[in-house]
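K.L.:
quick one, structure for this:
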Amino acid sequence: MKHLAVISVIALLVLAGSIGTAAQSEIESPCSAPEINVVTTIGMIADVARNIGGGCTQVTALMGAGVDPHLYTATERDVETLFEADIIFYGGLHLEARMIDVFEQIRDGMGKPTIPVSEVIPEDLRLTSPTYNQPDPHVWMDVQLWALAAGEIARGLSEYAPAYADYFAANLAAYTNELDALDTYAREQIARIPEQQRVLVTAHDAFQYFSRAYEIEVYAPQGITTESEVGVQNIRDMIQLLIDRQLPAIFVESSISPDVVEAIVAGAEDQGHEVVIGGLLFSDALGDEGTFEGTYIGMITHNVDTIVSGLLGDGE
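P.N.:
Numbering: from 1, shown residues only. Modelled structure (predicted):
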């Protein structure tokens with residue numbers, strides 16, 4: 001029945017004629033036109049802000065499909081867009097490492113609300129990379145943790161525009177129900193994979209929260225930030241893992257070059273183990289705007305379905 005809940009959400013999106021969520025279509029906006037100019041960094045934050053802000057917000061994401069936030073440097077136009085915003089939401093936890101100075105300037109110099117949404121996650125629930133001794137910023141890979149970030153966005157909007165706080169709270173409640181259904185769907189689907197095969201190998205280490213939440217082992221040749229380099233030994237280790245565990249698939253990511261993954265596939269084949277690229281996963285960016293994968297719920301649903309299909313190896 002909870003699987004059907006996710007399907008019903010998708011059906012509502014189609015009936016509405018746009019990619020959004022039921023929250024906006026069912027709850028009447030108190031605003032006749034958008035009144036709050038919201039700017040975000042990554043698409044995952046923008047999508048949540050649109051669902052919670054509804055008709056009262058105009059939301060702009062600086063980084064579109066396929067853009068790597070770890071390497072992103074703000075352009076002159078980006079800075080102008082940030083200066084023009086009423087409120088800014090970004091990931092934090094070093095996700096947008098090259099933009100920190102800009103955020104600090106806007107927050108401290110202009111007094112503009114500039115909120116790192118992932119930093120609301122309690123420290124005991126954050127993962128830390130032992131290699132880099134810094135927090136893993138990919139918290140959206142755990143739907144329950146991302147619900148906390150959604151609450152932080154609702155809090156920020158409500159503090160900026162308290163007259164609409166009840167509206168934002170209603171949208172948050174509706175969206176949280178959808179996230180609960182999504183979380184259940186992910187757990188049920190990943191559990192279909194036999195434990196021996198429940199191993200995800202992908203381009204960079206963006207899926208550790210997904211690993212912990214949905215009980216699947218995760219390995220990658222590159223660390224949590226794409227600024228790190230991939231060594232020959234990292235590639236060899238991934239090849240050996242695929243062979244030892246007899247894994248049928250490895251996955252590429254939309255915001256990362258497939259070169260390293262393709263080298264691993266070729267290396268495994270050279271040693272007599274056939275492995276395929278099981279599909280494209282969305283890690284640091286959503287899919288194209290206007291598609292289901294261009295929403296947070298669509299991104300996670302796509303990732304789960306692609307991982308399950310690839311690791312089952314028979315299209316079950």
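K.L.:
and the helices in the stretch 101-250 of the chain?
P.N.:
Along the stretch 101-250 of the chain, the stretches classed as helices by DSSP state H, counting those that start in this stretch are 110, 143-160, 165-190, 208-214, 232-245.
K.L.:
do you know which of those lies nearest residue 129?
P.N.:
Of all those, it is helix 208-214 that lies closest to residue 129, at 8.3 Å by Cβ to Cβ. (Glycine included, C-beta is placed from N, CA and C.)
K.L.:
now the terminal residues of stretch 241-249, how far apart.
P.N.:
12 Å (Cα to Cα, to the nearest Å).
K.L.:
turn the helices of the stretch 101-250 of the chain into CSV, including mean neighbour count.
P.N.:
Converted to CSV, the helices of the stretch 101-250 of the chain look like this (neighbours: other Cβ atoms under 10 Å):
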stretch, mean neighbour count
helix 110, 12
helix 143-160, 21
helix 165-190, 19
helix 208-214, 21
helix 232-245, 16
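K.L.:
give me the pLDDT for residue 99.
P.N.:
Turning to residue 99, the model gives it a pLDDT of 94.
K.L.:
for it, grab phi and psi.
P.N.:
For residue 99, the backbone dihedrals (degrees, to the nearest 10) come out as phi -120, psi 0.
K.L.:
run through the residues that contact it.
P.N.:
Listed by Cβ atoms under 8 Å, 6 or more residues apart in numbering, the contact set of residue 99 reads 41, 72, 73, 74, 90.
K.L.:
between those, which has the most around it?
P.N.:
Among these, residue 41 has the most neighbours (other Cβ atoms under 10 Å), with 27 neighbours.
K.L.:
hang on, the earlier thing: reformat the contacts of residue 99 into a markdown table and put distance to residue 275 and pLDDT next to each item.
P.N.:
Shown next, in a markdown table, are those (distance: Cβ to Cβ, whole Å; pLDDT from 0 to 100):
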| residue | distance to residue 275 | pLDDT |
| --- | --- | --- |
| 41 | 34 | 97 |
| 72 | 31 | 91 |
| 73 | 35 | 91 |
| 74 | 39 | 91 |
| 90 | 37 | 98 |
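K.L.:
tabulate the helices of the stretch 101-250 of the chain (TSV), appending mean pLDDT and distance to residue 68.
P.N.:
Shown next, in TSV, are the helices of the stretch 101-250 of the chain (pLDDT from 0 to 100; distance: least, Cβ to Cβ, whole Å):
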stretch	mean pLDDT	distance to residue 68
helix 110	93	27
helix 143-160	98	19
helix 165-190	98	24
helix 208-214	96	18
helix 232-245	88	18
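K.L.:
let's have these in a markdown table, adding distance to residue 307.
P.N.:
Below are these laid out as a markdown table (distance: least, Cβ to Cβ, whole Å):
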| stretch | distance to residue 307 |
| --- | --- |
| helix 110 | 42 |
| helix 143-160 | 14 |
| helix 165-190 | 7 |
| helix 208-214 | 9 |
| helix 232-245 | 15 |
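K.L.:
many thanks, have a good one.
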